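Participant: coordinates only, sequence not included:
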């Protein structure tokens, strides 16, 4: 069964890590949000691609949700001494990734090609596809004005209330993304932030239509009324004007979904197939257990539409 | 007394460190070789500028002659995992310097301006001037073909016999370099490699003529027939076809010099004022002692010519 996962950063990355444990590498493709990408210290930084790659390579920091385990911050310390921008904590090992990516891009290779090289060198088996090879940054209108995603999340700690999410760049997915969707037997939407991790992918030309032809299950990023990680709960309140819940997630994705995996004890949304299980992932065994449950749920789902 | 020093890397940097201890900061300018500069991991690396800057800032590694004390190599470890170029050991703190330099250059500032910003942020008082703001790489014809300086020194460990040193770039010093020479009361040529650290400076248009109008003293980089550090001894043998000695240094610089500081016990070259003292520098007190002796020697020198 060919599986295609859509992922943002940490939550999606952990589910992908579980999928990688139960799906043969050549049957698993991950389409990763690049709306968070930005240029810092002259280097193109791809936070979600790197989180997925480091997680699959077993290099990710075990708890903090970004960066590499055992990281050092020597370059950052010097940049601070020079009075350079230090608000985004780039680690030294992480810098090695950004430098190699920058070299590949400067040599004229696509982000898709460079990502394949980097992930391959780290022994990552599943295919990682950036959603696009062109800049399409996620922009947030907030009560403090319009901010880029990193300025908002890291620079302002996600505090300013978000009133609109939008993308100024061209809505051009890669051919590889569209082909991978068409080839998939099941689409798994990770427990990522719908507004700033999954919507950037769904908003690309032709992606939503292609997904509508495949069975799609999502894992709810809302558990017991709160986001497992990150600023999602507040965004649901300000953007959807409702309480955070699996039903809010189901309503956001609308007819894209054939099924939703929710946390045990949470209320199931009406009119949608659901699987209730333990969705908050810890170690790799836990991730694999959830992934297997998601796949079985998706496999057995009656197609509601199409 | 306004002092202008010409410097390459470690030996020159240590003498400059001593000069900085005995000359007021606003009366000391250092013109630094940029012939070793190269682009690595997409970043402009200036080994001699950085060695001088780190040494004056008290950050230099105490013994190895390059890099920062207490350095880590996390980025390098990752670059190696990616199969990237790891032959030049860029440390993490050092990378912070290169990233900030690259950002300044990318913003359109000159190397002279960026160097002033970086050195100022590290609390370096004397003015550091790159010899030029344009690329003028030192090239070496060797028994193994033509190599750039870093390819030869680091990539091949200085092993291939050098038969010629040359520079393909424009021979354009900065206006700041020429003005600083004209303003100097004494020129001090550091105990750097004449062929690959000082000749790159001397070969720039107008520099040798400007220096000829000032009193010039040099410190011999050859002690007891050997180079204090680096590949100089072999270069004297292959390029000047004579044994390494203070006389070989004096002959190389020719009528540029008004005096030469040599090691106690070494033979003085004929026909040139010399000061024999302990020239192998250890700690900062030792550097300051030598610098004071060099300044006193230069101050009292009768001008031989001009």
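Facilitator: On my side now, so go ahead. This is a predicted model, so every value here is computed, not measured. Numbers count the residues shown, from 1 in each chain, chains lettered A, B, ... in the order given.

Participant: drop to CA atoms for contacts and neighbour counts, all remaining ones
Facilitator: Will do.

Participant: Now do the helices in the stretch 101-250 of chain A.
Facilitator: Applying DSSP state H, counting those that start in this stretch to the stretch 101-250 of chain A gives helices spanning A:111-121, A:149-150, A:175-183, A:199-202, A:207-212, A:232-235, A:246-253.

Participant: wait, which of the ones you listed is closest to chain B?
Facilitator: Closest approach to chain B among the helices of the stretch 101-250 of chain A is made by helix A:111-121 (5.2 Å; CA to the nearest CA).

Participant: Give me every residue in the stretch 1-150 of chain A that's in contact range of chain B.
Facilitator: A:41-42, A:71-79, A:81-84, A:92-97, A:99-100, A:102-103, A:118, A:121-122 (CA under 8 Å from any CA of the partner chain).

Participant: mind redoing it with 6 Å?
Facilitator: A:74, A:75, A:78, A:79, A:82, A:92, A:93, A:95, A:96, A:121 (CA under 6 Å from any CA of the partner chain).

Participant: Those residues: which two are farthest apart?
Facilitator: Farthest-apart pair in those is A:82 and A:121; separation 33.0 Å (CA to CA).

Participant: okay, these two: which has more neighbours?
Facilitator: It is residue A:82, of residue A:82 and residue A:121, that has more neighbours when counted by other CA atoms under 10 Å in any protein chain shown, with 20 against 14.

Participant: quick one: the more buried one and residue A:90, what's the gap?
Facilitator: Using CA to CA, to the nearest Å, one gets 15 Å for the distance from residue A:82 to residue A:90.

Participant: Over to residue A:244?
Facilitator: As judged by CA to CA, residue A:244 and residue A:90 stand 32 Å apart.

Participant: try residue A:274
Facilitator: 39 Å.

Participant: How about residue A:248?
Facilitator: Residue A:248 sits 34 Å away from residue A:90, going by CA to CA.

Participant: Repeat that for residue A:217.
Facilitator: Plainly put, residue A:217 is 34 Å away from residue A:90 if you go by CA to CA.

Participant: In terms of packing, which of the two has more residues around it?
Facilitator: Counted by other CA under 10 Å, residue A:217 and residue A:90 do not tie: residue A:217 has more neighbours, with 26 against 21.

Participant: In this structure that one contacts residue A:186, no?
Facilitator: No: taking contacts as CA atoms under 6 Å, residue A:217 lies outside contact range of residue A:186: 7.8 Å.

Participant: Could you give the bridge partners of residue A:39?
Facilitator: Taking DSSP bridges as the rule, residue A:39 bridges to residue A:44.

Participant: Which pLDDT value does the model give it?
Facilitator: pLDDT recorded at residue A:39 is 94.

Participant: got a pLDDT number for the closest residue to residue A:237 other than its chain neighbours?
Facilitator: Computed as CA to CA, 6 or more residues apart in numbering or on different chains, the closest residue to residue A:237 that is not its neighbour in sequence is residue A:243, at 5.9 Å. What the model reports as pLDDT for residue A:243 is 95.

Participant: Return the distance of residue A:243 relative to residue B:38.
Facilitator: Distance of residue A:243 to residue B:38, given as CA to CA: 57 Å.

Participant: Between those two, which is the more surrounded one?
Facilitator: residue B:38 (20 against 15).

Participant: what sits against the more buried one?
Facilitator: Contacts for residue B:38 (CA atoms under 6 Å, 6 or more residues apart in numbering or on different chains) come out as B:44, B:45.

Participant: roughly how far apart are residue A:128 and chain B?
Facilitator: 16 Å (CA to the nearest CA, to the nearest Å).

Participant: same check, this time on residue A:141
Facilitator: From residue A:141 to chain B the distance is 28 Å (CA to the nearest CA).

Participant: Does that residue have any beta-bridge partners, and if so which?
Facilitator: Under the criterion used here (DSSP bridges), residue A:141 is bridged to residue A:146, residue A:164.

Participant: Tell me the confidence at it?
Facilitator: Predicted confidence (pLDDT) for residue A:141: 97.

Participant: measure the residue of the stretch 201-306 of chain A found nearest chain B to residue A:50 for me?
Facilitator: Per CA to the nearest CA, residue A:284 is where the stretch 201-306 of chain A lies closest to chain B, at 23.1 Å. Using CA to CA, we find residue A:284 at a distance of 18 Å from residue A:50.

Participant: Comparing the two, which shows the higher neighbour count?
Facilitator: Shown here are residue A:284 and residue A:50; by other CA under 10 Å, residue A:50 has more neighbours (24 against 16).

Participant: That one looks like it's in a strand, true?
Facilitator: No: assigned with DSSP: H, G, I helix; E, B strand; the rest coil, residue A:50 falls outside any strand and is helix.

Participant: so how far is chain B from it?
Facilitator: 13 Å.

Participant: any low-confidence regions in chain A?
Facilitator: Chain A contains residues with pLDDT under 70 at A:303-306.

Participant: which parts of the helix ranked longest in it are buried?
Facilitator: As assigned by DSSP state H, the longest helix anywhere in chain A is helix A:284-300. By neighbour count on 16 or more other CA atoms under 10 Å in any protein chain shown, the buried set for helix A:284-300 is A:284, A:286-295, A:297-298.

Participant: Work out the gap between it and the centre of the chain.
Facilitator: 18 Å (CA atoms, centre = their mean, to the nearest Å).

Participant: contact partners of that helix?
Facilitator: With CA under 6 Å, 6+ apart as the criterion, helix A:284-300 contacts A:15, A:18, A:19, A:21, A:281.

Participant: what do you get for stretch A:114-132?
Facilitator: Defining contact as CA under 6 Å, 6+ apart, one finds that stretch A:114-132 is touched by A:25, A:28-33, A:57, A:104, A:112, A:173-174, B:82.

Participant: ends of it, how far apart?
Facilitator: Terminal residues of stretch A:114-132 are spaced 13 Å apart (CA to CA).

Participant: What residues of stretch A:12-32 count as buried?
Facilitator: Applying 16+ other CA under 10 Å to stretch A:12-32 flags A:12-23, A:25, A:27-32 as buried.
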